[in-house]
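**Q** how would this look folded up:
(2 chains)
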Amino acid sequence: MLDIRLVREQPDFVKSRLALRGGGDEAKVDELLRMDAERRKAETALQALNAERKKLSKEVGGKRSRGEDSTALEERVREIGDEIASLSEQTTIADEKERDLLLQIPNLPHAAAPIGDNPSANRVMREWGKKPEIADALDHVVIGTRLKLFDLERAAKLGGSGFICFTGTGARLERALIQFMLDLHTREHGYFEISPPFLVRRDCMIGTTQLPKFEADMYGLEPDASGRNQLFLAPTAEVPVTNFHREEILRADELPKKFVAYTPCFRREAGSAGRETRGIIRVHQFDKVELVKITAPENSYAELESLTADAERILQLLGLHYRAIELCTGDLGFGSAKTYDLEVWSPGQKAYLEASSCSNFEDFQARRMNLRFKDANGKNRFCHTLNASGLALPRLFAALIECGQQPGGSVRLPEILLPYFGAPEIG
RNA sequence: GGUGAGGUGGCUGAGUGGUCGAAAGCAGCGCUUUGCUAAAGCGCCGUACCCUAAAAGGGUACCGAGGGUUCGAAUCCCUCCCUCACCGCCA
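**A** Numbers count the residues shown, from 1 in each chain, chains lettered A, B, ... in the order given. Sure, this is the predicted structure:
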């Protein structure tokens, strides 16, 4: 959520920044400012009436205790009460409209972000390793099916299309990768492990920006009888973990907070079938190890660099070729000011697959979830929040078995997985 | 799921219709006393929003959330959420 004061004071700056995203959101700014002015006007009038009622009510109390007649005064206060009722309704409506609009407007891109409205404007920051040379490389669907690492047909019997069912050594490899990543991040990178609820409340989904705008992409349960308290299947551990400290005021010396969590992730993403969705690349449920940081504003960009490095380390230790790109303004997620994607090389698809997205949301999420810290001057300020996949499992799994494929049909695994998987190769 | 007890400021905890944004204590900050420590005394010490661009100042709201009763609600009523205890059920 943008700071309404910034929007009020520098509307042209805000509009020009929003325009860089190419989503047309700058058009909402004028409407927002109208709602803001309307709300404040109603609020000021309401406060004047409240002050009047407060004063007169006390006079009623005084008269009564002295045994004096107060009926005329009471009648006057009753009238004010009626005015207050209608004005406060107006105020509430204006306030809700303003907030709804504010929730619909995305974050401002970082000043240095590459400008562009499609992925071709993304900036390649660096590449690591090199593409393995594999003659007639098979893709992960062929390899995985042949070695019975997963069973997509039977998965469709269980969950429908767009689900994976890992089987046998495939399931074991999945488990090994999770364990490997959690161990690395907790033992060597200093992250605190959390195993959170997979179902989260609406407020949390709003806090991390999945709602209200992307409700159609989310799995939601039935609301309860009151119509509130609806639960959603978390589309990423970002939701429960970033919201862990929602509505809290943290001490400055606790920052940065570094969390790692393994969770399944549930996404509707009614994407079309095709190459993009082949095999296990895009599915409705997948496993992910997620990194989250809560930082002071001054340090968030330095923390983004180390966060990205922590995620990259997984790929490096597994010996997988990847590149890091910085997303252009048009490709940036709704809440993000700056994002690096890590793309791992898929020999089977001869393409880079997004395996991690590392973002700094600045105070955009913190403002929505009212997550603050007390700074050195004792002032409460919004924290900055960041997250990175560290990493998403299916794409990592796919790259791993494609890169490890041997002429004889087996798959060789990186040495570092040996203690986790228990064997140097599959098949 | 059932029954009961609760939810008040950073913490403890008083407050059952009016002058209560809220006693008191603890913690914290400042000052005085002091060789240092300790102790004592005095003062300050919630958040958000509005007037307002900021400061000073003023105002409004907030006692789990939402609604209601009333001239007036932390206080009375209703619904919901959460916590604790016991019972039931269950991996």
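
**Q** Following element in sequence after the least confident helix or strand in chain A by mean pLDDT, please.
**A** The helix or strand of chain A with the poorest confidence is strand A:249-251; it has a mean of 84 (mean pLDDT, DSSP states H and E). Next along the chain after strand A:249-251, taking DSSP states H and E as the criterion, comes strand A:257-266.

**Q** Run through who's touching that following strand.
**A** For strand A:257-266, the external contacting residues (C-beta atoms under 8 Å, 6 or more residues apart in numbering) are A:178, A:181-182, A:185-186, A:189-196, A:198, A:218-219, A:233-237, A:240-241, A:244-245, A:250, A:284-295, A:390, A:392. Using the backbone N, CA and C atoms, a C-beta is placed for each residue, glycine as well.

**Q** Stretch A:141-157 now?
**A** Contacts of stretch A:141-157 (C-beta under 8 Å, 6+ apart): A:163-170, A:173, A:278-280, A:348, A:398, A:401-402, A:405, A:409-411, A:426-427.

**Q** mind redoing it with 10 Å?
**A** If you take C-beta atoms under 10 Å, 6 or more residues apart in numbering as the criterion, stretch A:141-157 is touched by A:137-138, A:140, A:158, A:161-174, A:278-281, A:283, A:285, A:348-349, A:394, A:397-398, A:401-402, A:404-405, A:409-411, A:426-427.

**Q** so of the residues you listed, which ones are in strands?
**A** A:285, A:411, A:426 (DSSP state E).

**Q** Select only the buried ones of those in PyMOL?
**A** Only the buried entries of the ones in strands among the contacts of stretch A:141-157 go into this PyMOL selection, using 16 or more other C-beta atoms under 10 Å:
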select buried, chain A and resi 285+411+426
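
**Q** Tabulate the ones in strands among the contacts of stretch A:141-157 (a markdown table), appending pLDDT.
**A** As requested, the ones in strands among the contacts of stretch A:141-157 are exported to a markdown table (pLDDT from 0 to 100):
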| residue | pLDDT |
| --- | --- |
| A:285 | 94 |
| A:411 | 97 |
| A:426 | 96 |
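
**Q** tell me the phi and psi of residue A:127?
**A** For residue A:127, the backbone dihedrals (degrees, to the nearest 10) come out as phi -120, psi 150.

**Q** what bridges to the residue of the stretch 251-400 of chain A found nearest RNA strand B?
**A** Among the residues of the stretch 251-400 of chain A, residue A:380 lies closest to RNA strand B, at 4.6 Å counting by C-beta to the nearest atom of the strand. Beta-bridge pairing for residue A:380 (DSSP bridges): residue A:374.

**Q** Could you point out which residue ranges in chain A have low pLDDT?
**A** A:224-229, A:270-277 (pLDDT under 70).

**Q** residue boundaries of the helices in the stretch 51-200 of chain A?
**A** Using DSSP state H, counting those that start in this stretch, the helices found in the stretch 51-200 of chain A span residues A:71-104, A:140-146, A:152-159, A:168-183.

**Q** May I see those helices arranged in TSV, with mean neighbour count and distance to residue A:355 as well?
**A** Listed next are those as TSV, based on neighbours: other C-beta atoms under 10 Å; distance: least, C-beta to C-beta, whole Å:
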stretch	mean neighbour count	distance to residue A:355
helix A:71-104	14	30
helix A:140-146	20	13
helix A:152-159	13	20
helix A:168-183	18	11
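
**Q** Any idea which of these gets closest to RNA strand B?
**A** It's helix A:71-104; of those, that one is closest to RNA strand B (C-beta to the nearest atom of the strand) at 2.9 Å.

**Q** I appreciate the help and will end here.
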